[in-house]
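Chemist: for reference, the sequence and a predicted model appear below.
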Amino acid sequence: MRILWVKVGGLWPLNTGGRLRSFHIISELSQRHQMSVLTTHGAGEDPHELQAQLPRCDRVASVPHTAPKRGSARFAAALARSWFSPLPVDLRKWRVPALRRAVGHLLAARDFDLCVADFLTAVPNLPSPWPVPIVLFEHNVEHMIWKRLSRIAPPWGRALLELEWRKVRRAEAQACARSQLTIAVSEADRALLTSLAPRATVCAIPTGVDTAYFTPNGVREARARLVFTGAMDWYPNEDAILHFIDAILPSIRREIPETTLTVVGRNPSSRLRAVAVAAGVRVTGAVDDVRPHVAEGAVYVVPLRVGGGTRLKIFEGLAMAKAVVSTTVGAEGLPLVPGAHFLLADDPAEFARGVVLLLRDPARRQALGAAGRRLVVERYSWAHVARQFEARCEEALASTRREPRCGSRRP
């Protein structure tokens, strides 16, 4: 296949779950298909390094773009403009004129079989009308993230977020309905997107992990150390850690006073850093390699309250044979059995009890970690995931009216 892959928000370095998933699938596909990649890069990111990391691709090009951050004047201006637009702010801030022009020029100059719109945010950067079949790659059900945010927002922010998630839902439904195929990253997300756009063709692929890179490395875990990893400039991760520090960590320390928490991830806010200092929590910021920090953790915690798609962080922890405690949202869409592969806890007191139980029981920690490692090694390598992505794309090209092996029937 001749495939154009369009993604805003960058692909390198591999410091977010979305980048990891997309990069590994592109890398695998480029061994068998003609791949062209158009993306963006932020300040301090090297587009030439991305080209070097994808040597089999026909073309890899990137344009500079930095989206406004929450709380900034640029974000406030984008939010204000979105009040008078049907387009939600999360799509407005990722409209990149230079990227849209590059996509249009490449589609006009080359004969592609299909174009992958990577995340909903790629859609505003495609020319209209769409000149080739579009595969929408939905790493999350985006409107559910905003809907969940509205439920935990302070009263003054709920009305704004209520409007925003409904706008995102409308845009998401339209994009799914227009696309030749929508690929979700879990069966739960596939069901949600099918109900959102009943006339769309929606399939699901599993989440993957690099089991050769994330592997037990012999580093001794530190006593009573908890670890969390994730991009800290993604609001659901920041909300999770602030909630954990406020509502869960004190209960754990009442039982095990020496408990420590290490938060690993890029761009932590000044607010998070201040809260962490007051609570005696270590926040690393960006690191070159998360594995040493994960290896030292006795328990890997995923206290997410907001999110969508699937969380690669759990698979990375399991691949390193770590015992995991997660909320339902944190483990959403993953083929994990509570009690066998991880401990499930949504209530703060229940979450604290699960962590305390594991900190006091090394044998239980080892059993959970070993079971999780076996699962991801046997079933969730990136090569396996990419083969499924590839098969779904080939099915979409074969016939626009044939009922696919998964998902709903196209009218």
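Modeler: Okay, I see it.
Chemist: per-residue confidence for Gly218?
Modeler: Model confidence at Gly218, expressed as pLDDT, equals 84.
Chemist: let me fix that: Ala153
Modeler: Per-residue pLDDT puts Ala153 at 79.
Chemist: how about the contacts made by it?
Modeler: By CB atoms under 8 Å, 6 or more residues apart in numbering, the residues touching Ala153 are Leu161. The C-beta positions use only the backbone N, C-alpha and C, and glycine is treated the same way.
Chemist: how close does it get to Ile145?
Modeler: Noted for Ala153: a distance of 12 Å to Ile145, by CB to CB, to the nearest Å.
Chemist: what of Val377?
Modeler: Summarising the geometry, the distance separating Val377 from Ile145, computed by CB to CB, is 30 Å.
Chemist: who has more neighbours, the two?
Modeler: For Val377 and Ile145, the more surrounded residue by other CB atoms under 10 Å is Ile145, and the numbers stand at 21 against 15.
Chemist: over to the more buried one: give its phi and psi.
Modeler: Main-chain torsions, Ile145, degrees, to the nearest 10: phi -60, psi -50.
Chemist: quick check: pLDDT value at it.
Modeler: The model reports Ile145 with a pLDDT of 84.
Chemist: that one and Gly307 touch, don't they?
Modeler: Yes. Under the contact definition of CB atoms under 8 Å, Ile145 touches Gly307, with a separation of 6.3 Å.
Chemist: the helix or strand Pro292 falls within: how far from the chain's middle?
Modeler: Element membership for Pro292 (DSSP states H and E) is helix 291-296. On the basis of CA atoms, centre = their mean, to the nearest Å, the separation between the geometric centre of helix 291-296 and that of its chain is 21 Å.
Chemist: and stretch 52-67, by the same measure?
Modeler: Taking CA atoms, centre = their mean, one finds the center of stretch 52-67 at 20 Å from the center of the full chain.
Chemist: and it, how far apart are its ends?
Modeler: Taking CA to CA, to the nearest Å, the span from the opening residue of stretch 52-67 to its closing residue is 25 Å.
Chemist: residues in contact with that stretch: which ones?
Modeler: By CB under 8 Å, 6+ apart, the list of residues contacting stretch 52-67 from outside reads 8-10, 12, 23, 26-27, 30-31, 34-43, 47, 50-51, 93-94, 96, 98-99, 102, 106.
Chemist: what comes up buried for the helix or strand harbouring Lys167?
Modeler: Element membership of Lys167, judged by DSSP H and E, is helix 155-178. Using 16 or more other CB atoms under 10 Å as the test for burial, helix 155-178 gives 161-165, 167-169, 171-173, 175-178.
Chemist: one step back: what subset of the contacts of stretch 52-67 is buried?
Modeler: When the contacts of stretch 52-67 are checked for burial by 16+ other CB under 10 Å, the buried set is 8-10, 12, 23, 26-27, 30, 34-41, 47, 50-51, 93-94, 96, 99, 102, 106.
Chemist: wait, isn't Pro292 in contact with Val219?
Modeler: Yes. The criterion here is CB under 8 Å, and Pro292 meets it with Val219 at 6.5 Å.
Chemist: by mean pLDDT, flag the weakest helix or strand of this protein.
Modeler: Counting by mean pLDDT, DSSP states H and E, the chain has its least confident helix or strand at helix 73-82, which shows a mean of 66.
Chemist: next SSE after that helix?
Modeler: Remark: after helix 73-82, the chain's next helix or strand is helix 89-92, criterion DSSP H and E.
Chemist: list the buried residues of that following helix.
Modeler: 89-92.
Chemist: any idea which of these is the one closest to Ala286?
Modeler: Checking those against Ala286 by CB to CB gives Asp90 as the nearest, at 23.2 Å.
Chemist: do you know how far the closest residue to the closest one other than its chain neighbours is from Ala122?
Modeler: The shortest distance from Asp90 to any residue that is not its chain neighbour, by CB to CB, 6 or more residues apart in numbering, is 6.4 Å, and that residue is Val168. Distance from Val168 to Ala122, counting by CB to CB: 14 Å.
Chemist: residue contacts, Leu99?
Modeler: Contact criterion CB under 8 Å, 6+ apart gives 6, 8, 38-40, 63, 65, 125 as the residues in contact with Leu99.
Chemist: my bad, should have said Pro348
Modeler: Under the criterion of CB under 8 Å, 6+ apart, the contact partners of Pro348 comprise 243, 247-248, 251.
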